[in-house]
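S.K.: What follows is a predicted structure for the sequence shown.
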Amino acid sequence: MKNGQNGLNHAAPHWNVAKNDDSIERDQSVHVNYSIREKQQQNSPRYQGQQRRQRRPIVENFRMAASLPGVYRCGSTDNLRFSQALNRKNENNSATSYNILSPYSLAEAVILDQSSLIIDLRSESERNEEKAQFWIEKSATATNGNQNDTFTIVDERDAWENALVRSKKVILRLDVLSRDKLMNYIEQFWMKDATKSENKPLVATNYNDVERKENRVQLSNDDDSSNNYMAILNKRGLCGLYEAILQTGKQKLSIALRAITLNLEQKKGNVVVHCAQGKDRTGILIMLIQDTIGLPMSKIKEDYYMSDKYMLEHHLTSLSRVPKEGTLDHRIFHRAPIYCIEHAMYFLGKEYGSGTEGYLDNIGFDQSWRNRLRAQFDNVKVDCNALNNRTSNL
């Protein structure tokens, strides 16, 4: 009978036992080395960046705008999905109840079910149309399959005012800062004045420092390539970008303000304002509304600065990445330091005399429109910061 045929486990030969002992030692050594490598990997910036990306909300930088109940601000909505945390209308078609388990589901609840107007301030090239159409179609079927509850997409070329009246839900797309307009603005105002320090905006050369400093970098306007445009924009920084938004996006910003006013007057639902990151174009529009209703500048800056805190928490990797030539410097444009929104207000006062009111008169959002907007917030007092803090801790 061969060894093992009787069903018993016979001991292995002596030389084989010694080999197994060596294997055990090697396995222990490999385990120790693996543990060391695993700890090193977990401490690496790349690994930590991956962990931060995995923890990012579905809708980034989402919150209620300070002192603007019913008006929310956020980044891109392209990644919207339908969370199991939402308990939608039941069979009896009673009012929707929400079991808010996290900021993720809060964003979905507000945007998909409670909003009647979404203002998208991005360019077409920034938008993932396939993803956008997915959640727009799903938003109709999620509400008892009623196609009348789906979002109607319009832009400034359409009869957007009629759409606000006819449709329960509207997505108004307004390209506030198109690439062509930005390049034209750079060429018209910044290239010619690149060597004149008195015509430069006050920007920070050290973008980790929140103090306002003068940019003394001399730029050449001999090269009209895209690299030179980006180099100039990087030198101008967020302060320069906000000037460009205010100057080139006048028509779109005026439409956005009027659309928000009309929607609030109709009391159909919440307003959601968003761009790519929810801090620059969105920040400018929210600032104009907050200043119009008389919110103190300290509160406006505090609300704006919440975006900077968000970017530091969720985009730390990109903030340390050295940019390639001819590309935007994310170390600058992925921040939201307070001095940038201060500069935007300073720029309005310098260019239009009476600050925000002079600018709004210039773009067609006159005193009568401003009074209508103010009326929507006269009798409402909501601690938006308390709400945002509560939901962020869920």
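M.R.: Great, that's in hand.

S.K.: Okay, buried residues for stretch 256-269 please.
M.R.: Residues of stretch 256-269 classed as buried: 256-264, 268-269 (neighbour count, 16 or more other CB atoms under 10 Å). All C-beta spots, glycine's among them, are computed from the backbone N, C-alpha and C.

S.K.: Looking at those, which has the smallest pLDDT value?
M.R.: For those, the weakest pLDDT value sits at Lys268, with 88.

S.K.: quick check, that one in a strand?
M.R.: No - counting by DSSP: H, G, I helix; E, B strand; the rest coil, one finds Lys268 to be coil, located in no strand.

S.K.: Tell me which residues touch it, please.
M.R.: Under the criterion of CB atoms under 8 Å, 6 or more residues apart in numbering, the neighbours of Lys268 are 116-117, 168.

S.K.: Now render those as TSV, adding neighbour count, secondary structure and pLDDT.
M.R.: Putting the contacts of Lys268 into TSV (neighbours: other CB atoms under 10 Å; DSSP: H, G, I helix; E, B strand; the rest coil; pLDDT from 0 to 100) gives the following:
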residue	neighbour count	secondary structure	pLDDT
Ser116	20	strand	95
Leu117	27	strand	97
Lys168	14	coil	92
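
S.K.: Specify which member of the residues you listed is nearest to Tyr339.
M.R.: Of all the contacts of Lys268, Leu117 has the smallest distance to Tyr339: 31.4 Å, by CB to CB.

S.K.: pretty sure the closest one is touching Val272, no?
M.R.: Yes - Leu117 is within contact range of Val272, at 7.3 Å (criterion: CB atoms under 8 Å).

S.K.: Do a quick rundown of the strands in the stretch 51-200 of the chain.
M.R.: Counting by DSSP state E, counting those that start in this stretch, one finds strands in the stretch 51-200 of the chain at the ranges 63-64, 71-74, 86-87, 97-98, 115-120, 151-155, 169-173.

S.K.: Of all those strands, which one comes closest to Glu342?
M.R.: strand 71-74 (18.8 Å).

S.K.: hey, C-alpha coordinates of that closest one in PDB?
M.R.: Output in PDB follows, covering the C-alpha atoms of strand 71-74 (Å, rounded to 0.1, in the frame of the first residue of the first chain):
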ATOM      1  CA  VAL A  71     -31.000  79.000  -3.200                       C
ATOM      2  CA  TYR A  72     -28.300  76.300  -3.400                       C
ATOM      3  CA  ARG A  73     -24.800  76.300  -4.900                       C
ATOM      4  CA  CYS A  74     -22.600  73.500  -6.000                       C
END
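
S.K.: Contacts for that strand next, please.
M.R.: For strand 71-74, the external contacting residues (CB under 8 Å, 6+ apart) are 59-65, 107, 110-111, 115, 260, 264, 270-274, 278, 282-283, 286, 289.
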